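Peer 1: Build the 3D model from these lines:
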Amino acid sequence: MIVYTACKSKFLDDVLDDQIHEAIHREFQRKLFRRAGDSEVNSWRNSMKEMRQVLNDPDIPSDSLVSIEYNIPLTGKRIDFILTGRNAQLEECAVIIELKQWSDVQATQQDAVVNTWLGKGNINTPHPSYQAWTYAALIEDYSEVVQNEQVRLSACAYLHNLDSAQVINDPFYKAHTDRAPVFISKDARKLSEFLKKHVKYGDQNDLMYRIEHGKIRPSKNLADSLSNMLLGNREFLMIDDQKLVYEMALDLAHHRKDSGKRVLIVEGGPGTGKSVVAINLLSEFTQRGMVCQYVSKNAAPRAVFEAKLTGTFKKTRIANLFRGSGGYVDNQANQFDVLLVDEAHRLNEKSGLYGNLGENQIKELIHASKLCIFFVDEDQRVTFKDIGSKAEIRKWALALGAKVVEQELRSQFRCNGSDGYIAWLNHHLQIKPTANLNMDGLDFDFKVFDSPTALHNAIRQKNEVNNKARVVAGYCWDWKSKKNPQAFDIEFLEHDYKAQWNLDDDGSTWIIKPNSVEQVGCIHTCQGLELDYVGVIVGPDFVVRNGEVLTDAFKRSNMDQSIKGFKGGLKTDRANNLAMADAVIKNTYKTLMTRGMKGCYVYFTDDETRAHFQTLVNGFEHVEVAPMLNKYEGLDLPIVQAGQDAANSVPIFDLKFAAGQFSDYQQADTFDHVVLPAHLRASEGYFVARVEGDSMNKRIPPGAWCLFHFNPQGTRNGKIVVVQHRRISDPELGGQYTIKRYKSEKHFGEDGVVNSVIVLKSESTNDKHEAIVLSAEDAKEMVVVAEFLTVV
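Peer 2: Residues are numbered from 1 along each chain as shown. This is a model prediction of the structure:
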């Protein structure tokens, strides 16, 4: 969309009559259905007077066309000024001019970023030359007219109120000023010469009209560039279920039986490769000529993937493929073929700096695309504003008439591929009970440190290998260094430790900047990204008392926006706000502790909490339980007789007998019940039983009473389960039942065919226990009766 267009002679007359700002504003209201602010109207009035002086040259053809406020397709960006015509070779051409009214500008240490006064204060903003040439690149990348008809695009910037070019033309910005030269107040004549070099003859074929109404598609150059950047990049290789999700997405995009909308929800925990799939799909859809963008609410993943794909910190047209989740408020229906929404659990309801734009980001993303793919992990929702649940996505998909397909990513690629470590965290952060009580057998380097100094030194050593180790923390300390670069934010005087939060200068690419190992990152600079080693400082908002995790949102910094609204909400709905804050704090630390591929080092500021986790890491003492002297010997919890009600209680089963009778679980009220300890919560399908024998004594002491979940759903891989099969003869349980670690493995035969086998592994100090291996055919008769959760 173009707000104002006219030939050069008409433009000059409109400015001379002091009508140009009114003419632009009339068209602005007519086409955008809203009024512009007074400051924007005044900027049109002032800047167009300056452009009149530039264009008032007889050698610039009077029938060249002026276009003002051109809205670039697929973005919310508008180009200030475009002059179109033909060059000396009679090729159609367009010159993009970025106009600024800045009177002062300062350099920064960030590529393509300067600092200037905007509105209420000095802020960092893109260099105008960078803006101009990337706008040109975006038009070239997506306009079929420009691609097919070989239109020549040029760009420049005009800062007509700036008197000194020292900063804006600093050699640090040369890569961008070479592509789009910048002109200042005394350069009006130079700008005229620049325009005459590109526009020698008039525009006879209304070039901008054809671009505006032409087909949108990604250029082959863009597609090839992205594809080449992925080629051979091991960070973006797909395996196993990543490939299955990838192919499902391609199928939904290309083989639809009707033209209706599609929504694909891809659920996966930390390190399951959600972002890897998203980046590969971005490349493939672009390669196939489909209009596709990668979307995330958090700026850090966008910036880091952009940098990894380009192989440099310098920004390129690849940046046009990456976009924030709040940029789809005004998009037309089905404007995109595909939107890839990574970290979708972080989506907000409203958009805009003040949270006052749009209705709902999920609705707007589905509305703007033919296929919208949401990558979700509900356990990584870390602020009160996060609304990206599967239920919310389904709700808006239904409202917009979109068919929903759901897939799951299970394979664990972070934490040394250890689902066990994720389960261990879930259990001991008390997010949900699991079978993983200790770290035995986990190929993951988890350590608890006695001081933040020792932790940070250990991370520095790990970082020397390949710059992939960082320290992060919960937001329990104010960001003093934001305003005072000499101040320290996180201090422990007793340990002679002090550090700053991640620096503003590093921006969203903090996690890959070489010197950032000296600072401490937060959830917003590392979520969705990965390291080799992560060091985590756990603040006083998370403590353990007598084995129970307690969270306290009041111990978070007042600058923390993730729990904004918490204190006010306590007055209206105290229980719900406390529960939300509890989930945010636990999810935050789980997310921080799962950034590492190889290891996680932790320092707990609270002494009792540190001692508690040190005990967990040191291992489980295997104590023999005395033989049963009566019905529930060794079960040191309150017992409720059958038929009586008790809060937080579950039935007690005789595992030897009950394994064959679980189909009658609905008769559980005929069994005695046991009241669970406070840190465990009873749930439908839970029961307690005693485990005999030592085949799992690394996890379950012989004779221990354990909590189980009857008929578990979802993946069983890596879990400890009770299994029934005709080939099993287990002397410890008796009959055809056993408790073992379940593992599904793929074996290649001589003809190359993949055969899945089920391996039931013992975890014992007694090496007489051998694994039970079931073929694919035998596995069809296997029944997983229950999942082991924890020793009670």
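
Peer 1: these two touch, right, residue 1 and residue 71?
Peer 2: Yes - between residue 1 and residue 71 there is a contact at 4.3 Å, judged by Cβ atoms under 8 Å. C-beta coordinates here come from the backbone N, C-alpha and C atoms, glycine included.

Peer 1: Those two: who's more crowded?
Peer 2: More neighbours surround residue 71 than the other of residue 1 and residue 71, with 17 against 13 (other Cβ atoms under 10 Å).

Peer 1: Remind me which helix or strand the nearest residue to residue 784 once chain neighbours are set aside belongs to.
Peer 2: Excluding its sequence neighbours, the residue lying closest to residue 784 (Cβ to Cβ, 6 or more residues apart in numbering) is residue 721, at 5.0 Å. Assigned by DSSP states H and E, residue 721 belongs to strand 720-724.

Peer 1: Just the residues contacting stretch 35-52, thanks.
Peer 2: 11-12, 15-16, 18, 20-21, 24-25, 28-29, 68, 80-81, 97, 99, 101, 158, 160, 188 (Cβ atoms under 8 Å, 6 or more residues apart in numbering).

Peer 1: Mind checking the pLDDT average for the strand holding residue 721?
Peer 2: The average pLDDT within strand 720-724 is 83.

Peer 1: Helices of the stretch 451-600 of the chain, residue ranges please.
Peer 2: 452-466, 523-526, 566-572, 574-593 (DSSP state H, counting those that start in this stretch).

Peer 1: For the shortest one, buried residues please.
Peer 2: For helix 523-526, a neighbour-count test (16 or more other Cβ atoms under 10 Å) marks 523-526 as buried.

Peer 1: And for stretch 143-156?
Peer 2: Those buried within stretch 143-156 under the rule 16+ other Cβ under 10 Å are 143-147, 151-156.

Peer 1: now the residues you listed in a markdown table, with pLDDT, secondary structure and distance to residue 304?
Peer 2: What follows is the buried residues of stretch 143-156, written out as a markdown table (pLDDT from 0 to 100; DSSP: H, G, I helix; E, B strand; the rest coil; distance: Cβ to Cβ, whole Å):
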| residue | pLDDT | secondary structure | distance to residue 304 |
| --- | --- | --- | --- |
| 143 | 85 | strand | 29 |
| 144 | 87 | helix | 31 |
| 145 | 90 | helix | 34 |
| 146 | 88 | helix | 30 |
| 147 | 86 | helix | 30 |
| 151 | 92 | coil | 34 |
| 152 | 94 | strand | 34 |
| 153 | 95 | strand | 29 |
| 154 | 95 | strand | 31 |
| 155 | 96 | strand | 27 |
| 156 | 97 | strand | 31 |
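
Peer 1: Distance to residue 652 added to the residues you listed, as JSON lines?
Peer 2: Putting these into JSON lines (distance: Cβ to Cβ, whole Å) gives the following:
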{"residue": "143", "distance to residue 652": "71"}
{"residue": "144", "distance to residue 652": "71"}
{"residue": "145", "distance to residue 652": "75"}
{"residue": "146", "distance to residue 652": "74"}
{"residue": "147", "distance to residue 652": "72"}
{"residue": "151", "distance to residue 652": "78"}
{"residue": "152", "distance to residue 652": "81"}
{"residue": "153", "distance to residue 652": "76"}
{"residue": "154", "distance to residue 652": "80"}
{"residue": "155", "distance to residue 652": "75"}
{"residue": "156", "distance to residue 652": "80"}
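
Peer 1: Show me which pair in those residues is furthest apart.
Peer 2: The distance between the two most remote of these (Cβ to Cβ) is 25.1 Å, for 144 and 156.

Peer 1: can you tell me which residue is nearest the centre of this protein?
Peer 2: The centroid of the chain falls nearest to residue 343 when counting by Cα atoms, centre = their mean (3.3 Å).

Peer 1: thought residue 531 was touching residue 511?
Peer 2: Yes - under the criterion of Cβ under 8 Å, residue 531 makes contact with residue 511 at 7.1 Å.

Peer 1: Find residues that contact each of the two.
Peer 2: In contact with both residue 531 and residue 511: residue 470, using Cβ under 8 Å, 6+ apart.

Peer 1: pLDDT weak spots in the stretch 401-550 of the chain?
Peer 2: 410-419, 435-442, 503-508, 527-528 (pLDDT under 70).

Peer 1: how about the strands of it, start to end?
Peer 2: According to DSSP state E, counting those that start in this stretch, the stretch 401-550 of the chain carries its strands in the segments 403-409, 445-448, 469-473, 490-492, 497-499, 520-521, 531-538, 542-545, 548-551.

Peer 1: go on, the stretch 251-400 of the chain?
Peer 2: 262-268, 292-296, 322-324, 336-341, 369-376.

Peer 1: hey, least reliable of these by pLDDT?
Peer 2: Averaging pLDDT over each of the strands of the stretch 251-400 of the chain puts strand 322-324 lowest, since it has a mean of 84.

Peer 1: helices and strands around it, which ones?
Peer 2: Counting contacts by 3 or more Cβ pairs under 8 Å, 6 or more residues apart in numbering; DSSP states H and E, strand 322-324 is packed against strand 292-296, helix 299-310.

Peer 1: Among those, which one carries the weakest average confidence?
Peer 2: helix 299-310 (a mean of 69).

Peer 1: ok, the buried residues of helix 523-526 vs residue 640, which is closest?
Peer 2: residue 523 (42.2 Å).

Peer 1: show me what contacts that closest one?
Peer 2: Residues near residue 523 by Cβ under 8 Å, 6+ apart: 382, 472, 474-475, 562, 588, 591-592.

Peer 1: go on, residue 590?
Peer 2: 270, 379-380, 425-426, 429, 431.

Peer 1: Now the nearest residue to residue 12 once chain neighbours are set aside. Its backbone dihedrals?
Peer 2: What sits nearest to residue 12 in space, not counting adjacent residues and going by Cβ to Cβ, 6+ apart, is residue 52, at 5.7 Å. Here is the backbone geometry of residue 52 (degrees, to the nearest 10): phi -60, psi -40.

Peer 1: Kindly report the domain assignment for the protein.
Peer 2: Domains of the chain are assigned by automatic domain parsing as 2-213, 220-409, 417-618, 639-791.

Peer 1: what about residue 216, how many neighbours?
Peer 2: Neighbour tally, residue 216, other Cβ under 10 Å: 14.

Peer 1: correct me, but it touches residue 139?
Peer 2: No - contact criterion Cβ under 8 Å: residue 216 and residue 139 do not qualify, at 10.3 Å.

Peer 1: before we move on, the earlier item: kindly reformat the strands of the stretch 251-400 of the chain as a markdown table containing distance to residue 693 and mean neighbour count.
Peer 2: Listed next are the strands of the stretch 251-400 of the chain as a markdown table, based on distance: least, Cβ to Cβ, whole Å; neighbours: other Cβ atoms under 10 Å:
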| stretch | distance to residue 693 | mean neighbour count |
| --- | --- | --- |
| strand 262-268 | 36 | 23 |
| strand 292-296 | 49 | 25 |
| strand 322-324 | 55 | 17 |
| strand 336-341 | 49 | 26 |
| strand 369-376 | 41 | 27 |
